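>>> test case, fold it:
(one chain, ligands or ions: 1)
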Amino acid sequence: MKRAALLLAALSLAAACEAAPPPVIELPPPPQPPAALNRKSAASPRVRVTIAGGPLTHPAMSAAVSEIKQLRLWGGMTEHLTRLHIRARPGERAVPQDRHLADSLYRTTRTDGRYCRVTFYPRAMRDDLAKQRHYYSQDRLPAEPPTMDEFWVAILAHELTHCRDRISSRSEKVALRVERRVLKGLRAR
Ligand SMILES: [Zn+2]
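Next up, the predicted model:
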(Lines give C-alpha, C1' and ligand atoms only; values in the text may rest on other atoms or scores of the structure.)
Protein backbone atom coordinates (compact mmCIF):
# COMPACT_ATOMS: atom_id res chain seq x y z
CA MET A 1 0.00 0.00 0.00
CA LYS A 2 2.71 2.39 0.94
CA ARG A 3 4.50 1.70 -2.29
CA ALA A 4 1.51 2.80 -4.37
CA ALA A 5 1.36 6.18 -2.64
CA LEU A 6 5.03 6.69 -3.03
CA LEU A 7 4.76 5.52 -6.57
CA LEU A 8 2.46 8.41 -7.42
CA ALA A 9 4.92 10.89 -6.00
CA ALA A 10 7.66 8.98 -7.69
CA LEU A 11 5.90 9.04 -11.01
CA SER A 12 5.51 12.79 -10.98
CA LEU A 13 9.21 13.13 -10.28
CA ALA A 14 10.08 10.49 -12.80
CA ALA A 15 8.05 12.26 -15.43
CA ALA A 16 9.74 15.49 -14.48
CA CYS A 17 13.14 14.07 -14.92
CA GLU A 18 12.35 12.36 -18.17
CA ALA A 19 10.58 15.33 -19.66
CA ALA A 20 13.40 17.72 -18.96
CA PRO A 21 16.62 15.82 -18.54
CA PRO A 22 19.41 17.97 -17.19
CA PRO A 23 22.17 18.68 -19.68
CA VAL A 24 24.79 16.03 -19.15
CA ILE A 25 28.45 16.36 -19.89
CA GLU A 26 29.84 12.88 -20.06
CA LEU A 27 33.07 12.82 -18.16
CA PRO A 28 35.08 10.12 -16.53
CA PRO A 29 34.39 9.86 -12.80
CA PRO A 30 36.54 12.14 -10.65
CA PRO A 31 39.73 10.58 -9.34
CA GLN A 32 39.18 8.89 -6.01
CA PRO A 33 41.20 10.34 -3.15
CA PRO A 34 42.96 7.94 -0.81
CA ALA A 35 40.73 6.24 1.73
CA ALA A 36 41.93 8.47 4.59
CA LEU A 37 41.04 11.63 2.68
CA ASN A 38 37.73 10.11 1.72
CA ARG A 39 36.84 9.58 5.35
CA LYS A 40 37.88 13.10 6.18
CA SER A 41 35.82 14.62 3.41
CA ALA A 42 32.77 12.62 4.50
CA ALA A 43 33.15 14.03 7.99
CA SER A 44 33.63 17.61 6.83
CA PRO A 45 32.51 17.91 3.22
CA ARG A 46 34.39 20.46 1.16
CA VAL A 47 31.48 21.35 -1.05
CA ARG A 48 30.68 25.04 -1.08
CA VAL A 49 26.93 25.44 -0.80
CA THR A 50 24.93 28.48 -1.87
CA ILE A 51 21.20 28.74 -1.44
CA ALA A 52 19.23 31.33 -3.39
CA GLY A 53 15.65 31.90 -2.38
CA GLY A 54 13.16 34.29 -0.87
CA PRO A 55 11.81 34.56 2.67
CA LEU A 56 9.71 31.40 2.26
CA THR A 57 11.86 29.23 0.03
CA HIS A 58 15.28 29.95 1.55
CA PRO A 59 14.40 28.56 5.01
CA ALA A 60 12.77 25.53 3.38
CA MET A 61 15.88 24.75 1.34
CA SER A 62 18.21 25.34 4.32
CA ALA A 63 16.05 23.04 6.42
CA ALA A 64 16.17 20.39 3.69
CA VAL A 65 19.98 20.52 3.72
CA SER A 66 20.01 20.18 7.53
CA GLU A 67 17.62 17.24 7.43
CA ILE A 68 19.77 15.38 4.90
CA LYS A 69 22.79 16.00 7.13
CA GLN A 70 20.88 14.71 10.15
CA LEU A 71 19.95 11.61 8.20
CA ARG A 72 23.70 11.20 7.61
CA LEU A 73 23.27 11.17 3.85
CA TRP A 74 24.94 14.50 3.08
CA GLY A 75 28.54 13.32 2.81
CA GLY A 76 27.73 10.53 0.41
CA MET A 77 25.64 12.82 -1.75
CA THR A 78 27.98 15.79 -1.98
CA GLU A 79 31.56 14.72 -1.34
CA HIS A 80 32.29 14.51 -5.08
CA LEU A 81 31.21 18.14 -5.59
CA THR A 82 33.15 21.35 -5.20
CA ARG A 83 30.13 23.58 -5.50
CA LEU A 84 26.42 23.11 -4.96
CA HIS A 85 23.90 25.79 -5.80
CA ILE A 86 20.33 25.29 -4.62
CA ARG A 87 17.65 27.65 -5.82
CA ALA A 88 13.88 28.02 -6.05
CA ARG A 89 11.87 29.54 -8.82
CA PRO A 90 8.56 30.35 -7.16
CA GLY A 91 5.31 31.32 -8.78
CA GLU A 92 3.11 29.87 -11.46
CA ARG A 93 4.99 31.51 -14.30
CA ALA A 94 8.19 29.74 -13.36
CA VAL A 95 6.60 26.29 -13.50
CA PRO A 96 7.90 24.37 -16.52
CA GLN A 97 5.37 23.45 -19.17
CA ASP A 98 5.34 19.80 -18.12
CA ARG A 99 4.93 20.94 -14.49
CA HIS A 100 7.94 19.05 -13.21
CA LEU A 101 8.78 19.74 -9.60
CA ALA A 102 12.52 20.19 -9.63
CA ASP A 103 15.54 19.47 -11.75
CA SER A 104 19.29 19.30 -11.53
CA LEU A 105 22.22 20.20 -13.68
CA TYR A 106 25.74 18.87 -13.30
CA ARG A 107 28.77 20.27 -15.04
CA THR A 108 32.43 20.85 -14.56
CA THR A 109 33.75 24.36 -15.01
CA ARG A 110 37.09 26.08 -14.65
CA THR A 111 35.80 28.36 -11.91
CA ASP A 112 33.44 26.09 -10.00
CA GLY A 113 35.00 22.68 -10.55
CA ARG A 114 32.42 19.93 -10.10
CA TYR A 115 29.25 21.93 -9.93
CA CYS A 116 25.68 20.85 -9.22
CA ARG A 117 22.68 23.10 -9.44
CA VAL A 118 19.31 22.06 -8.07
CA THR A 119 16.22 24.07 -9.00
CA PHE A 120 12.90 23.72 -7.20
CA TYR A 121 9.54 24.82 -8.58
CA PRO A 122 7.54 25.32 -5.37
CA ARG A 123 4.26 26.10 -7.10
CA ALA A 124 4.42 22.78 -8.96
CA MET A 125 5.36 21.00 -5.73
CA ARG A 126 2.37 22.46 -3.88
CA ASP A 127 0.02 21.56 -6.73
CA ASP A 128 1.38 18.03 -6.84
CA LEU A 129 0.87 17.60 -3.10
CA ALA A 130 -2.66 19.01 -3.35
CA LYS A 131 -3.38 16.43 -6.03
CA GLN A 132 -1.94 13.69 -3.87
CA ARG A 133 -4.03 14.83 -0.88
CA HIS A 134 -7.13 14.85 -3.06
CA TYR A 135 -6.47 11.27 -4.20
CA TYR A 136 -5.76 10.30 -0.61
CA SER A 137 -9.08 11.77 0.59
CA GLN A 138 -10.85 9.65 -1.99
CA ASP A 139 -9.06 6.50 -0.86
CA ARG A 140 -7.26 6.35 -4.16
CA LEU A 141 -3.94 6.70 -2.39
CA PRO A 142 -3.39 4.24 0.41
CA ALA A 143 -0.65 6.14 2.24
CA GLU A 144 -0.67 9.68 3.45
CA PRO A 145 1.22 12.05 1.13
CA PRO A 146 4.33 13.79 2.48
CA THR A 147 4.09 17.20 4.05
CA MET A 148 5.54 20.11 2.11
CA ASP A 149 8.54 20.14 4.50
CA GLU A 150 9.16 16.45 3.85
CA PHE A 151 8.73 17.01 0.12
CA TRP A 152 11.57 19.59 0.04
CA VAL A 153 13.91 17.11 1.70
CA ALA A 154 12.92 14.12 -0.44
CA ILE A 155 13.17 16.09 -3.68
CA LEU A 156 16.54 17.60 -2.74
CA ALA A 157 17.84 14.10 -2.05
CA HIS A 158 16.43 12.94 -5.39
CA GLU A 159 18.15 15.68 -7.36
CA LEU A 160 21.44 15.34 -5.47
CA THR A 161 21.39 11.68 -6.42
CA HIS A 162 21.17 12.70 -10.08
CA CYS A 163 24.17 15.00 -9.68
CA ARG A 164 26.07 12.14 -8.07
CA ASP A 165 25.03 9.38 -10.47
CA ARG A 166 24.86 11.40 -13.65
CA ILE A 167 26.63 8.81 -15.74
CA SER A 168 24.55 5.89 -14.62
CA SER A 169 21.54 4.96 -16.70
CA ARG A 170 19.96 3.65 -13.50
CA SER A 171 20.01 7.10 -11.98
CA GLU A 172 16.24 7.61 -11.91
CA LYS A 173 15.63 4.28 -10.21
CA VAL A 174 18.31 5.00 -7.64
CA ALA A 175 17.03 8.56 -7.07
CA LEU A 176 13.53 7.25 -6.38
CA ARG A 177 14.89 4.69 -3.97
CA VAL A 178 16.87 7.39 -2.14
CA GLU A 179 13.75 9.53 -1.98
CA ARG A 180 11.74 6.72 -0.39
CA ARG A 181 14.55 6.08 2.08
CA VAL A 182 14.61 9.76 3.05
CA LEU A 183 10.85 9.91 3.62
CA LYS A 184 11.04 6.76 5.70
CA GLY A 185 13.93 8.23 7.69
CA LEU A 186 12.08 11.47 8.33
CA ARG A 187 8.99 9.65 9.51
CA ALA A 188 10.88 7.24 11.71
CA ARG A 189 12.03 10.05 14.02
ZN1 LIG B 1 14.77 12.14 -11.27
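>>> quick check: residue 51 is in a strand.
Yes. Under DSSP: H, G, I helix; E, B strand; the rest coil, residue 51 falls within a strand.
>>> thought it was touching residue 87?
Yes. With contact defined as Cβ atoms under 8 Å, residue 51 reaches residue 87; the gap is 7.4 Å. No exception for glycine: its C-beta is placed from N, CA and C like everyone else's.
>>> out of these two, which sits in the busier spot?
More crowded of residue 51 and residue 87, by other Cβ atoms under 10 Å: residue 51, with 18 against 15.
>>> what's the spacing between the more buried one and residue 173?
Separation of residue 51 from residue 173 (Cβ to Cβ, to the nearest Å): 28 Å.
>>> quick one: residue 127 from residue 158, how far?
18 Å.
>>> comparing those two, which residue is more hemmed in?
Remark: of residue 127 and residue 158, residue 158 carries more neighbours, 28 against 16, as counted by other Cβ under 10 Å.
>>> kindly confirm my reading that that one is in a strand.
No. Under three-state DSSP, residue 158 falls outside any strand and is assigned helix.
>>> what's the pLDDT at the residue nearest the centre of the chain?
With distances taken as Cα atoms, centre = their mean, residue 156 lies nearest the centre of the chain, 2.4 Å away. Looking at residue 156, its pLDDT is 98.
>>> likewise for residue 166?
80.
>>> next: residue 5.
Reading off the model, residue 5 has pLDDT 30.
>>> what's the closest non-adjacent residue to the residue nearest to the centre of the chain?
residue 64 (4.4 Å; Cβ to Cβ, 6 or more residues apart in numbering).
>>> from residue 73, how far off is the one you found?
From residue 64 to residue 73 the distance is 11 Å (Cβ to Cβ).
>>> and those two? Which one has more around it.
Neighbour tally, residue 64 and residue 73, criterion other Cβ under 10 Å: the higher count belongs to residue 64, 25 against 19.
>>> quick one: secondary structure of the more buried one?
helix.
>>> now do residue 175
Residue 175 ends up helix, using three-state DSSP.
>>> so who does residue 156 touch?
Contact analysis of residue 156 by Cβ atoms under 8 Å, 6 or more residues apart in numbering lists 61, 64-65, 68, 86, 102, 118, 120.
>>> repeat for residue 67
By Cβ under 8 Å, 6+ apart, the neighbours of residue 67 are 153, 182, 186.
>>> adding distance to the ion, pLDDT and neighbour count, write these out as a markdown table.
Listed next are the contacts of residue 67 as a markdown table, based on distance: Cβ to the ion, whole Å; pLDDT from 0 to 100; neighbours: other Cβ atoms under 10 Å:
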| residue | distance to the ion | pLDDT | neighbour count |
| --- | --- | --- | --- |
| 153 | 15 | 98 | 27 |
| 182 | 13 | 96 | 24 |
| 186 | 19 | 96 | 18 |
